[in-house]
Structures are given as structure tokens and as C-alpha cells.
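> Would you be able to build a 3D model of this:
(2 chains)
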Amino acid sequence: SAVISQKPSRDICQRGTSLTIQCQVDSQVTMMFWYRQQPGQSLTLIATANQGSEATYESGFVIDKFPISRPNLTFSTLTVSNMSPEDSSIYLCSVEGGRVGELFFGEGSRLTVL
Amino acid sequence: AQTVTQSQPEMSVQEAETVTLSCTYDTSESDYYLFWYKQPPSRQMILVIRQEAYKQQNATENRFSVNFQKAAKSFSLKISDSQLGDAAMYFCAYRTLGGSNYKLTFGKGTLLTVNP
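Reported below is the predicted structural model:
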């Protein structure tokens, strides 16, 4: 198993500002995943972050809006840039466990954009 | 593209009773993985059960079991002897078998309430 810590757990942000979410894992992992969970909706993969390379973004998500850093094998950040109320969501960091598709998640970062 | 549909936004069950959550999916692939994830009110998602499509036998984990109907593309979750701690949002998810695509596709979830 993996223990994942996310910061902040929640925040209220002003329109047009940016916020960086941190994700720390208690073990070294090759890939880290960032998901978005909009109110009343399912989880949607934003991007996959590999250490030492550019993140891979899913359709509908772009690096300028969601820049990601992956400086080492236990840490990643996701920035939500130039926020609008539509960005109000829970953002979740996750890593894959020993079995295919077994994801471990952080507790999420709930962002509210006013 | 794969899609996952959970037709029950909310379900309720009495403690100690059995409840079944429905999930259907759409895919053109023959081999894949299916999952049920649980998200309690604290929001940390955890894996409940996992099924490999090439295995005909339904997966079981203690009080949790699935009914996997590959031809019908149906993957329901049965919770037996429901407990108060089972109250959570349950998500059905799909993953392609291999390659470099690690993406899980999730349904919209079913909110399960357990009544004492």
C-alpha cells in the first residue's frame, strides 16, 4: 500500500489567481496521477506525471492551465492557473499499487473559486 | 472510447441486509479490468474489488462480490450483511488491459446509505 498526503486539504480562491497542490507519497513510484472530481460528477484524469519527463495530459486538459511538476519519485505538484468558478472541484493525487489498476488516493484538495 | 454507467445515483439498505449496485460499460476491447472503488465521507478512495475480464469466475472479497456478465457488459457489486461503515459513494471503473494507457474511466457513482 501507499500513503499519500495532499496539501492543502481545502482552500477558497479568488477568480484569476493560481493555486499549487502538493502531493507526497511515502514510497518511490514511477507514475503519479492527478484526477479532478467536479461536484456531483465522477473522477476525470487530468494528467499522468512521470519523474524526469513532461506530464502526459488527457484530452481537454492543457499544460498552461494545469502545469505539473515531478521533481523526484515521491513528490508532485499540480497548479490550477487563472482559476474560474468552473475550476471548483476536488483534486486528487493517486499512485498505482502492486496490482494493475489498484490506485491509492490522497484525501484530495477541495478548491472553491469565488 | 470506453464509458462507464451507473444508473443508480442513490441506494439505501438496512443494516445486515444485502444490496446490489449496478454498473454497465461500453468497450470494443475483449480484455480489460473492472473495479469498484469506495469513497467514504472522508473522501479517501479505496479499492473494494477487482475483476479481470478474461477470468470467468466472479471476484469475491469477504462481504463484497461481483456479478460479471461480459456479454451484457454488466458488472454489479453485491454487499452482503451491510454494515454502517459501508456507507459511502461507490464508483465503478474500467481500465484497458495493458500498454501504456494507465487511465481508469470512472462512472458517476452511487451514494449508498446504510440505515441502522
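
> CA only for contacts and neighbour counts going forward, please
Noted.

> can you give me the strands in chain B?
Applying DSSP state E to chain B gives strands spanning B:3-5, B:10-14, B:19-21, B:24-26, B:32-39, B:46-52, B:60-61, B:64-69, B:74-79, B:88-96, B:104-106, B:110-115.

> ugh, wrong one, chain A
A:4-7, A:10-13, A:19-25, A:31-37, A:43-50, A:56-57, A:68-72, A:75-80, A:89-96, A:103-105, A:109-113.

> can you list these in TSV and add distance to residue B:14, mean pLDDT and mean neighbour count?
Converted to TSV, the strands of chain A look like this (distance: least, Cα to Cα, whole Å; pLDDT from 0 to 100; neighbours: other Cα atoms under 10 Å in any protein chain shown):
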stretch	distance to residue B:14	mean pLDDT	mean neighbour count
strand A:4-7	33	94	20
strand A:10-13	33	96	14
strand A:19-25	37	97	20
strand A:31-37	29	94	22
strand A:43-50	28	92	22
strand A:56-57	43	93	17
strand A:68-72	44	94	18
strand A:75-80	41	96	22
strand A:89-96	30	94	24
strand A:103-105	29	91	23
strand A:109-113	31	95	21
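
> And stretch B:75-95, what's buried?
By neighbour count on 16 or more other Cα atoms under 10 Å in any protein chain shown, the buried set for stretch B:75-95 is B:75-80, B:82-83, B:86-95.

> no no, stretch B:27-34
B:33-34.

> Who are the packing partners of the helix-or-strand element of chain B with minimal mean pLDDT?
Lowest by mean pLDDT, DSSP states H and E among the helices and strands of chain B is strand B:104-106, with a mean of 92. Strand B:104-106 is packed against strand A:43-50, strand B:3-5, strand B:88-96, with contacts defined by 3 or more Cα pairs under 8 Å, 6 or more residues apart in numbering or on different chains; DSSP states H and E.

> Between those, which one is closest to residue B:34.
With respect to residue B:34, and counting by Cα to Cα, the nearest of those is strand B:88-96 at 4.7 Å.

> Spell out which parts of chain B neighbour chain A.
Proximity of chain B to chain A is confined to B:33, B:35, B:42-47, B:91, B:95, B:102-109 under the rule Cα under 8 Å from any Cα of the partner chain.
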